[in-house]
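Peer 1: what's the 3D shape of this:
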Amino acid sequence: MKIFVINTGSSSIKYSLFDMDKQTVIVSGIVEKIGEKTGLLTHKKKLSNEKLITKEIKEIIPHHLLGMTMIVDLLMDKKYGGIRNKSDLGAVGHRVVHGGEFFHDPTIIDDKVIETIKKNIPLAPLHNPSNITGIETAKAVFPDVPQVAVFDTAYHHSLPEKAFLYALPYTLYEKYKVRRYGFHGTSHAYVAEKASRFLKVPFEKLHIITLHLGNGASMAAIKKGFCIDTTMGMTPLEGLVMGTRCGDIDPAIPFFLATHLKMTLNEIDTLLNKESGLKGICKTNDIREVIEKKESGDPMAKIALDIYCYRIKKYIGAFFAALEHLDCIVFTGGVGENSSIVREKSCEGLQNFGIEIDAKKNVQSKNKNFLISSMKSRVKIIVIHTDEELEIARQTKKIVST
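Peer 2: Numbering: from 1, shown residues only. As a prediction, the model looks like this:
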């Protein structure tokens, strides 16, 4: 079976075509700058000898429908494609950021599902509208192919009330569903199961902390196969320090900004989501640039890195307490997989918890999945390459095959 996975943004469409018999990518790519002066489609096909061939198209792409049409043309191209016609597809899987309390599992998309996703727009105003655009565009282009929604929030629906409820008037939860939802669920689920196979221990016996660290970042506490806590909240703003998001702050700060700086709600929203985090401290949201600036003596870059890793370290301690016992820690995401400094500083001083990184393993390993804990460490520390698109494809196949 071939599964086509789509992740739609406000001005982009990221896509991958999977051969699910082999669980490998046939083609992948991204359409960028939709609706701007010059759009860009970058398309890659993996050949049988593992080499990649690339096709780039630069032209005006005024809307998502044209972008999707261009993708389909390449999918069926003899040189660059992976299908003969649209009927070769078993299903289309869509990443949808916020499923609210309505969706606990991947779901076949129909008109009712689309309307329900729209109802969740107030919970994810930056993401759900784009996800809906992707769904409606794909349905127009692939009218006879099953479409499946896979939700970032779904994996966290096992959180107990003590973890997902905020200490606000309960009526806000009853009437407006104000609660912790959590995000990056497909990534946390994927790497946790990978850790189980890596350690050769049944998933239902493991207590795991997973760290998805990228420009957006979150952690999850997973007990015997179920997520019991996570750092992101009702929105992706809560929790860890991120590239441009502040993470946890005193909730009275927005009132201070409004009262004393006369900032509007929109200005505060932009500040917290797009101008804070690493960028707010040292003027760059790229952790590689932060580290480079720190090593060249920039004091603000050092402070930014210290804050970033200290917040992770605090949550490791908190989630250790929530789990009551810890078998392994998993680092994943662009930062988690590639930054040995972040991994080192995030686990620094945790030897009394049985958490200790082997310095040589941490910097020398180049494999996708590798162990970095020392021989003395009671807790295994693993770096695992995440593959959210493959996880979406797996969940999509499971739904359409039942």
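
Peer 1: in the stretch 1-150 of the chain, which spans are strands?
Peer 2: Along the stretch 1-150 of the chain, counting by DSSP state E, counting those that start in this stretch, strands occupy 2-8, 13-19, 24-32, 39-46, 52-59, 89-96, 107-108, 147-151.

Peer 1: list the buried residues in the fifth one.
Peer 2: Of the residues in strand 52-59, none is buried by neighbour count under the rule 16 or more other C-beta atoms under 10 Å. From N, CA and C alone the C-beta is placed, and that goes for glycine too.

Peer 1: okay, angle between that strand and strand 24-32 too, please.
Peer 2: Here strand 52-59 runs at an angle of 20 degrees relative to strand 24-32 (axes from the mean of the first three to the mean of the last three C-alpha atoms, to 10 degrees).

Peer 1: what bridges to the closest residue to Ile60 other than its chain neighbours?
Peer 2: For Ile60, ignoring the flanking residues on the chain, the nearest one in space by C-beta to C-beta, 6 or more residues apart in numbering is Gly39 at 5.9 Å. Counting by DSSP bridges, Gly39 is bridged to Glu59.

Peer 1: ok, Gly39 touching Lys33?
Peer 2: Yes: with the criterion set as C-beta atoms under 8 Å, Gly39 and Lys33 qualify as a contacting pair; they are 4.7 Å apart.

Peer 1: tell me how many other residues surround Asn273.
Peer 2: Using other C-beta atoms under 10 Å as the criterion, Asn273 is surrounded by 17 other residues.

Peer 1: element containing it?
Peer 2: Here Asn273 sits within helix 265-274, counting by DSSP states H and E.

Peer 1: tell me the domain ranges of the protein?
Peer 2: By the record's domain assignment, the chain is partitioned as 2-151, 185-388 (automatic domain parsing).

Peer 1: mind listing what Glu388 touches?
Peer 2: Contacts were defined as C-beta atoms under 8 Å, 6 or more residues apart in numbering; by that measure Glu388 touches 95, 186-187, 190.

Peer 1: so where's the stretch 1-150 of the chain uncertain?
Peer 2: Applying pLDDT under 70 to the stretch 1-150 of the chain picks out no residues at all.

Peer 1: how much space is there between Leu390 and His325?
Peer 2: Taking C-beta to C-beta, to the nearest Å as the criterion, Leu390 is separated from His325 by 30 Å.

Peer 1: then Ile399?
Peer 2: With distances taken as C-beta to C-beta, Ile399 is found 34 Å from His325.

Peer 1: who has more neighbours, the two?
Peer 2: Using other C-beta under 10 Å, the more surrounded residue of Ile399 and His325 is Ile399, with 18 against 9.

Peer 1: thought Lys397 was touching Met20?
Peer 2: Yes: under the contact definition of C-beta under 8 Å, Lys397 touches Met20, with a separation of 5.1 Å.

Peer 1: and the spatially closest residue to Leu40 that is not a sequence neighbour, how many neighbours?
Peer 2: In this structure, Leu40 finds its nearest non-sequential neighbour in Glu32, 4.8 Å apart by C-beta to C-beta, 6+ apart. By other C-beta under 10 Å, 18 other residues sit near Glu32.

Peer 1: and Glu324, what does it touch?
Peer 2: The contact partners of Glu324, by C-beta under 8 Å, 6+ apart, come to His207.

Peer 1: with that, I have no additional questions.
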